[in-house]
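Chemist: coords below, sequence missing:
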């Protein structure tokens, strides 16, 4: 079966899905996106994802011409046409198509693309449970990482650097030595204070899975410390993991080939990993 | 007559020009571009522009599948099909189309779009000569502004802020108070040291017109000082202007509504403005 994509009002074969050469997403990275998981037929945290989409659009003064109900209809129809029960829904909205000029065009309708593809969450969880390697990489991104924009060039350079070193993720570090987040994940350590991650601010993306993990930590009685930490503190941590919607909780065993803690998946990470898997299955943090 | 664009091997009506929804330029701003002026039938500094394109591509490890001769043929054919003798040639190359994944895809052919449109240089020069307003704006861009990438979201936000204040350009300032450049131009002041602009480094784009102005300054005997300066120094300057390929030398009369120098177009600016106009007409700095 060939994939179907929603592109600006029409459902088209994925391979034929196209946008104008003057779509501002293409010429200026003038757009935002979200990735929403479809797990056993259920969308995971669609509400928070679409809330964040609205926030990203508002920060860029892109008016969202789609009501929440219209967006949900498009998402569900895209899923239905692709006959998926497990997969990833990708939604990208840009300022639209206009003759190339830096300033915002007037009377241009924002452009919407929604795609969906199969993803094997069970297999991903089995693989994730083994733990992965991460590297550190300079955080050279712009100052508004809280906007989930398609201006992702530094992120892909960081990810590529990780892949070339056989690692899963690049953990981004500021010139002052502080860690911000992974290039497509939030980053967590377990130290003597408990569970620790960078606080929400323009330096990081406010992850939807990050919020769920905070909820889990509270439920599980794991002390939570939202404060920045250094690369050295990360190296000296007892445990570490990343979080993202697609890759859920990903234990990190080494940072720049330095083992973290025992070099094995630790007990707090395991607890949160398992609790998030339960959340995926039940839809509630319990 | 309808415009024609070159899109990945074919010449198509501009309005129908389209790229895949999974072109990495669209999803990751994973691409670079150049704008080359066509002035009275002649391309201005095509060589340096394509050299810079090669450099930008190399910095991102995007292999350029087009020889210089092939690119020049496409550019000339695009101009011919649009029957232009004055205009702007826009060339964008991205890493190509691949299923969405941060890491670089393998065996993907980079995608090329070339467009051309009419531009009235004579009218632009008449308007420019009157001088324009500029504002200052925080430089929140990523750390590799030397790469002419399509990751331009901070640039358009800055330009929009300028436009909303009735200004032509946003002059970007770092947290340390130093000025880098305009959001689509290089920025110059005239102070007691002579002509002054930010040195070439990853903090700014190495402008092709910037290089020509340096050549002009040497020819004209204007002392040149490539060193960073503060917003306060810019406000206290005798003269100021921006430079870019499209808008050439643009006198700046006010910065955040503070008049610069006399508030009129100054003598050094006029000299460089006129010399650059001569260069456009003759192809040589004289």
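Modeler: Okay, I see it. Computed from a predicted model, the values in this text were never measured in an experiment.

Chemist: count of residues packed around residue A:223?
Modeler: Using other CB atoms under 10 Å in any protein chain shown, residue A:223 is surrounded by 13 other residues. From N, CA and C alone the C-beta is placed, and that goes for glycine too.

Chemist: can you list the residues that contact stretch A:259-277?
Modeler: For stretch A:259-277, the external contacting residues (CB atoms under 8 Å, 6 or more residues apart in numbering or on different chains) are A:125, A:128-131, A:189-190, A:194-195, A:209, A:212-213, A:216-217, A:219-220, A:222, A:234-235, A:237-241, A:243, A:248-249, A:251-254, A:285-286.

Chemist: what comes up buried for that stretch?
Modeler: Buried positions in stretch A:259-277, judged by neighbour count with 16 or more other CB atoms under 10 Å in any protein chain shown: A:260-261, A:265-266, A:268-273, A:275-277.

Chemist: what does stretch A:139-151 give?
Modeler: Neighbour-count burial for stretch A:139-151 flags A:139, A:140, A:141, A:142, A:144, A:145, A:146, A:147, A:148, A:149, A:150, A:151 (criterion: 16+ other CB under 10 Å).

Chemist: Tabulate the residues you listed (TSV), appending pLDDT.
Modeler: Below are those laid out as TSV (pLDDT from 0 to 100):
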residue	pLDDT
A:139	98
A:140	98
A:141	98
A:142	98
A:144	98
A:145	98
A:146	98
A:147	98
A:148	98
A:149	98
A:150	98
A:151	98
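
Chemist: which non-adjacent residue is nearest the closest residue to chain B within the stretch 151-286 of chain A?
Modeler: Going by CB to the nearest CB, chain B is nearest to residue A:159 of the stretch 151-286 of chain A, at 3.7 Å. Excluding its sequence neighbours, the residue lying closest to residue A:159 (CB to CB, 6 or more residues apart in numbering or on different chains) is residue B:102, at 3.7 Å.

Chemist: do the same with residue A:27
Modeler: residue A:100 (5.5 Å).

Chemist: got the contact list for that neighbour?
Modeler: A:22, A:27, B:90, B:115.

Chemist: What does it show for phi and psi?
Modeler: Dihedral pair for residue A:100: phi -60, psi 120, per degrees, to the nearest 10.

Chemist: Between the two ends of stretch A:183-202, what distance do you get?
Modeler: 15 Å (CA to CA, to the nearest Å).

Chemist: So for that stretch, mean pLDDT?
Modeler: Mean per-residue pLDDT for stretch A:183-202: 97.

Chemist: so how far is residue A:176 from the residue nearest to residue A:27?
Modeler: 37 Å (CB to CB, to the nearest Å).

Chemist: same check, this time on residue A:86
Modeler: For residue A:86, the distance to residue A:176 - CB to CB - is 41 Å.

Chemist: got the buried residues for stretch A:162-182?
Modeler: Buried residues in stretch A:162-182 (16+ other CB under 10 Å): A:162-163, A:167-173, A:178-182.

Chemist: quick one: which of the residues you listed sit in strands?
Modeler: Residues of the buried residues of stretch A:162-182 located in strands (DSSP state E): A:169, A:170, A:171, A:172, A:173, A:179, A:180, A:181, A:182.

Chemist: Could you dump those residues into CSV and include distance to residue A:70?
Modeler: As requested, these are exported to CSV (distance: CB to CB, whole Å):
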residue, distance to residue A:70
A:169, 35
A:170, 36
A:171, 38
A:172, 35
A:173, 41
A:179, 39
A:180, 35
A:181, 32
A:182, 33
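
Chemist: which among the buried residues of stretch A:139-151 gets closest to residue A:44?
Modeler: Within these, proximity to residue A:44 (CB to CB) peaks at residue A:148, which comes in at 16.3 Å.

Chemist: Just give the nearest non-adjacent residue to that closest one, would you?
Modeler: Going by CB to CB, 6+ apart, residue A:148 has residue A:56 as its nearest residue, at 4.8 Å.

Chemist: cool, and residue A:239?
Modeler: Here the residue nearest residue A:239, using CB to CB, 6+ apart, is residue A:266, at 3.3 Å.

Chemist: what does residue A:222 give?
Modeler: residue A:195 (5.1 Å).

Chemist: and the closest residue to residue A:82 other than its chain neighbours, what element?
Modeler: Using CB to CB, 6+ apart and skipping residues adjacent in sequence, the residue nearest residue A:82 is residue A:116, 4.6 Å away. If you go by DSSP states H and E, residue A:116 is part of strand A:111-118.

Chemist: Please work out the average pLDDT along that strand.
Modeler: For strand A:111-118, the per-residue pLDDT averages 98.

Chemist: could you say what helices and strands that strand packs with?
Modeler: strand A:4-7, strand A:18-20, helix A:68-81, strand A:87-94 (3 or more CB pairs under 8 Å, 6 or more residues apart in numbering or on different chains; DSSP states H and E).

Chemist: mind running it again at 6 Å?
Modeler: Under the contact criterion of 3 or more CB pairs under 6 Å, 6 or more residues apart in numbering or on different chains; DSSP states H and E, strand A:111-118 touches strand A:4-7, helix A:68-81, strand A:87-94.

Chemist: Give me the next element, helix or strand, following that strand.
Modeler: Per DSSP H and E, strand A:111-118 leads on to helix A:121-129 as the next helix or strand towards the C-terminus.

Chemist: Going along the chain from that next one, find the next helix or strand for me.
Modeler: strand A:132-138.

Chemist: Packing partners of that following strand?
Modeler: By 3+ CB pairs under 6 Å, 6+ apart, strand A:132-138 packs against helix A:153-164, strand A:169-173, strand A:248-255.

Chemist: Put together CSV for these, with mean pLDDT and distance to residue B:46 on each row.
Modeler: Listed next are the helices and strands packed on strand A:132-138 as CSV, based on pLDDT from 0 to 100; distance: least, CB to CB, whole Å:
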stretch, mean pLDDT, distance to residue B:46
helix A:153-164, 98, 25
strand A:169-173, 98, 37
strand A:248-255, 98, 47
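
Chemist: I'd like to know which of the ones you listed lies nearest to residue A:41.
Modeler: Here strand A:248-255 is closest among those (CB to CB), at 17.5 Å.

Chemist: For the closest one, enumerate the helices and strands it packs against.
Modeler: strand A:132-138, strand A:239-244, helix A:267-282.

Chemist: Please identify which of these is closest to residue A:229.
Modeler: Set against residue A:229 and scored by CB to CB, the helices and strands packed on strand A:248-255 come closest in strand A:239-244, at 10.4 Å.

Chemist: Spell out which parts of chain A neighbour chain B.
Modeler: A:17-21, A:25-26, A:28-30, A:102-104, A:113, A:140-143, A:149-154, A:156, A:159-160, A:163, A:184 (CB under 6 Å from any CB of the partner chain).

Chemist: Can you select the buried ones from those in PyMOL?
Modeler: A single PyMOL command selects the buried members of the residues of chain A next to chain B (16+ other CB under 10 Å):
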select buried, chain A and resi 17+18+19+20+21+25+26+28+29+30+102+104+113+140+141+142+149+150+151+152+153+154+156+159+160+163+184
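
Chemist: give me the low-pLDDT residue ranges for chain A?
Modeler: A:1 (pLDDT under 70).
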